[in-house]
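[1] Next input, structure requested:
(chains A and B)
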Number of protein chains: 2
Amino acid sequence: MRGVIMDAPGRISVGDREEPRIVEPTDAVIRLVATCICGSDLWPYRGVEPVDHAAMGHEYVGIVEETGAAVKTVKPGDFVVGSFVISCGECPICRDGYQSKCVNYAFVGATIGTQAERARIPLADGTLVATPGMPDPDLIPSLLAASDVLGTGWYAADAAQVGAGKTVAVVGDGAVGLMGILAAGQMGAERIIAMSRYPERQALAREYGATDIVEERGKEGIAKIKELTDGLGAHSVIEAVGTQESFAQAIGATRPGGHVGFVGVAHKGVTLPMDKLFFAEIHLHGGPAPVRRYLPDLIDRIWKRQIDPGKVFDLTLPLERAAEGYAAMDQRRATKVLLTLDGERRAD
Amino acid sequence: MRGVIMDAPGRISVGDREEPRIVEPTDAVIRLVATCICGSDLWPYRGVEPVDHAAMGHEYVGIVEETGAAVKTVKPGDFVVGSFVISCGECPICRDGYQSKCVNYAFVGATIGTQAERARIPLADGTLVATPGMPDPDLIPSLLAASDVLGTGWYAADAAQVGAGKTVAVVGDGAVGLMGILAAGQMGAERIIAMSRYPERQALAREYGATDIVEERGKEGIAKIKELTDGLGAHSVIEAVGTQESFAQAIGATRPGGHVGFVGVAHKGVTLPMDKLFFAEIHLHGGPAPVRRYLPDLIDRIWKRQIDPGKVFDLTLPLERAAEGYAAMDQRRATKVLLTLDGERRAD
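    Purely as a prediction, here's the structure:
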């Protein structure tokens, strides 16, 4: 089958990869309908992480082609959305809602690579969720977003304890930050402050529910958030970047007793000064989002057309042109790139 | 009046200090009945923090002598317990229960120094709580503990979301760690694992509700906690030390989705590797305890003799012999030293 391979930093090819097949009775093999490129895929692309001929991709929607004998909740022909982390759904950690730290977890990106025609999904019952039927084509981008960026933004808002009457600040205006804004709106936040410098992202932020835009960063950004919140800081802050600066900005923008939900993948070397965290007196929670926890609810909201997270994709290309998608995201010409496999959706 | 002064690291004297008086209408002047030496007082004592002829002390119980015209909730003659942080009780942060970050906060240790005969307490209504009457003398150590170490241990357990059926691990067997154990027991924890190497502290830990003792530290300590929790880690971990090693131990001992409540004062230079925190997927909350939030409940429990936190004091000295108390704590001959002012309680 065809699949994306990152040969080396900055070098993307689409070539032949081994055809997936059922190995364990808990496996499913799915035919991908759509997949996409993640901001985190840019790290090896930019040489920040090592890479050598790696199969890429961890976001996916598709149709089940075959299931192992033990799979109960999905069957061939089902349209499914899956999390970017494989999870069993049965261990104490899964039952607590932390499927991304399942005792049997595996990262889809590191072990499967869903920028491809097909994928073997282990622990299918604990990882995949079937939609109520075959989705209308216009719902597919939104369902695909649920696989990672929407689920991650939702988790960030949940971790930041967003709720009715609260003021929320969002650090990061990439796809996850924008999804965090959408989630905050759905959770009833009174005020949503997007920290963004890009006009087109500001526009989508407002469409998703942002009430204020702050362009300043660092200390100036924190001062601006304080100015907008009677000097106190936001109740809830979503951190969707993962750098030293963005963490400092998120913590500084949070009022004492407030909550930071962090989902920006922190790199080795990013550290938090504990004396500052101590005297900030905030709550901090985050990590790889347990997307599987939220999938049934998110699919339901998408199916009922209550939310339209698919708008976050601003470039659509066929799988064979993946290299163009990586380049567009790397150069910030696109926020997020959807890759089609059904031959129907074509590049804009 | 007489009061403790730290002339320089390792040099404690008791000398004459200015008599406190009402300055603001929200002030109260109290006559101290008991005060004590805190683990954090050892930092300047050991030269870890700079010090130059500083008035010492931030824990206190006493009798109100005089109040300003605006004070409503305490009156001359009342026996009062106060928080180690001055708070107004009226700002949004106080109303949210984070009095230690009140917009008008001041640290008692840095601004007053309660190892003395008298103290001026600003914002008396927001800082002090009167007991139901004059306490029996045997209750005084427990009421004094509420002023900081009990309130701090209680907050740590609360921040760690201790509750019924949960397994709690406590990093640090000083006074605050021991109070965290007491709090965890009161909050219904099923299992309380004390990480301690000192036999006398282990004994008090067990008396306060510890069900298991782990003597190992670092990676071995984490492995032991995992071994006791089906490989998962504790639901709730109390961090009551504040060093690089203790934070790593606390985070490593917590299961995904679990909670760390941290109250060990983190020094400048202590940092948290964010990639580790990210993939640990835990909740982190802590800082200077908002003791005032808990004081009414803690006083009630002490008054009803449901808890006996005063046992944490294992050395009692008159104020004039404070230097001996500092030395005893520094040399770990005492866990916590109570200083008396009423002439009735004497050194053991």
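[2] ok, and for stretch A:302-319, which residues are buried?
    Within stretch A:302-319, the residues that qualify as buried are A:302-303, A:307-319, counting by 16 or more other Cβ atoms under 10 Å in any protein chain shown. Just so you know, the C-beta spots here come from the backbone N, C-alpha and C atoms, and that holds for glycine as well.
[3] Tell me the one among these nearest to B:I282.
    Checking the buried residues of stretch A:302-319 against B:I282 by Cβ to Cβ gives A:P309 as the nearest, at 27.4 Å.
[4] ranges for the helices of the stretch 1-150 of chain A?
    A:42-45, A:92-95, A:108-111, A:124-127, A:140-146, A:149-159 (DSSP state H, counting those that start in this stretch).
[5] Same check on the stretch 201-348 of chain A?
    Using DSSP H, counting those that start in this stretch, helices in the stretch 201-348 of chain A cover A:218-228, A:244-252, A:274-280, A:291-303, A:322-330.
[6] ok, the fourth one near chain B or not?
    No: using Cβ under 8 Å from any Cβ of the partner chain, no contact is recorded between helix A:291-303 and chain B, whose separation bottoms out at 10.2 Å.
[7] before we move on, what about stretch A:173-185?
    No: judged by Cβ under 8 Å from any Cβ, stretch A:173-185 and chain B are separated, with a smallest distance of 13.6 Å.
[8] show me the residues around the residue in the stretch 101-250 of chain A positioned nearest to chain B that make contact.
    Residue nearest to chain B within the stretch 101-250 of chain A: A:K101 (3.3 Å; Cβ to the nearest Cβ). In this structure, A:K101 makes contact with A:93, A:287-288, A:290, B:256-257, B:281, judged by Cβ atoms under 8 Å, 6 or more residues apart in numbering or on different chains.
[9] Swap in 6 Å and give it another go.
    A:93, B:256, B:281 (Cβ atoms under 6 Å, 6 or more residues apart in numbering or on different chains).
[10] From A:I192, how far out is the closest residue to A:V291 other than its chain neighbours?
    Spatial nearest neighbour of A:V291, excluding adjacent residues (Cβ to Cβ, 6 or more residues apart in numbering or on different chains): A:G151 at 3.1 Å. Note on A:G151: its distance to A:I192, by Cβ to Cβ, to the nearest Å, is 19 Å.
[11] swap in A:L341?
    35 Å.
[12] Give me the phi and psi for A:I22.
    phi -70, psi 130 (degrees, to the nearest 10).
[13] and the residue lying closest to it once chain neighbours are set aside, what pLDDT?
    Spatial nearest neighbour of A:I22, chain neighbours left out: A:G68 (4.9 Å); criterion: Cβ to Cβ, 6+ apart. According to the per-residue confidence, A:G68 scores 98 in pLDDT.
[14] What is the burial count for A:G68?
    By the other Cβ atoms under 10 Å in any protein chain shown criterion, the neighbourhood of A:G68 contains 18 residues.
[15] Kindly report the same for the one 5 residues further on.
    By the criterion of other Cβ under 10 Å, A:T73 has 15 neighbours.
[16] quick one: the nearest residue to it once chain neighbours are set aside and A:V33, what's the gap?
    Leaving aside its sequence neighbours, A:T73 sits nearest to A:D125 (Cβ to Cβ, 6+ apart; 4.7 Å). Distance, A:D125 to A:V33, by Cβ to Cβ: 20 Å.
[17] Who has more neighbours out of those two?
    Neighbour count, other Cβ under 10 Å: between A:D125 and A:V33, A:V33 has more, with 22 against 19.
[18] Which pLDDT does the model give the more buried one?
    The confidence metric pLDDT takes the value 97 at A:V33.
[19] Verify the stated contact: it with A:V61.
    Yes: between A:V33 and A:V61 there is a contact at 5.4 Å, judged by Cβ atoms under 6 Å.
[20] What is the neighbour count of the closest residue to A:Q306 other than its chain neighbours?
    Of all residues not flanking A:Q306 in the chain, A:Q186 sits nearest, at 7.7 Å (Cβ to Cβ, 6+ apart). Residues near A:Q186, counting by other Cβ under 10 Å, number 18.
[21] And the pLDDT at A:Q186?
    What the model reports for A:Q186 is a pLDDT of 98.
[22] same deal with the one 3 residues further on?
    Model confidence at A:A189, expressed as pLDDT, equals 98.
[23] Please report how far it lies from A:R11.
    According to Cβ to Cβ, A:A189 stands 42 Å off from A:R11.
[24] what's the answer for A:Y60, then?
    Counting by Cβ to Cβ, the gap from A:Y60 to A:R11 is 23 Å.
[25] cool, A:H58 as well?
    As judged by Cβ to Cβ, A:H58 and A:R11 stand 19 Å apart.
[26] hmm, which helix or strand of chain A has the shakiest average pLDDT?
    Least confident element among the helices and strands of chain A, by mean pLDDT, DSSP states H and E: helix A:108-111 (a mean of 91).
[27] can you list contacts of that helix?
    With Cβ under 6 Å, 6+ apart as the test, helix A:108-111 has contacts from A:58, A:84.
[28] Okay, buried residues for it please.
    A:108-109.
[29] returning to that earlier point: out of A:L341 and A:I192, name the residue with the larger neighbour count.
    Neighbours per residue (other Cβ under 10 Å) separate A:L341 from A:I192, with A:I192 holding more: 30 against 21.
[30] Count the residues that sit near A:H53.
    11.
[31] So it is in contact with A:D7, correct?
    Yes: here A:H53 reaches A:D7: they are 5.5 Å apart, a contact under Cβ under 6 Å.
[32] Tell me the residues of chain A that contact chain B?
    Taking Cβ under 6 Å from any Cβ of the partner chain as the measure of proximity, chain A contacts chain B at A:93, A:96, A:98, A:101, A:256-257, A:266, A:268, A:270-275, A:278, A:281, A:283-285, A:287.
[33] Can I get the buried ones among those as something I can paste into ChimeraX?
    This is how ChimeraX selects the buried members of the residues of chain A next to chain B, with burial counted by 16+ other Cβ under 10 Å:
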select /A:93,96,98,101,256,257,266,270,271,272,273,274,275,278,281,283,284,285,287
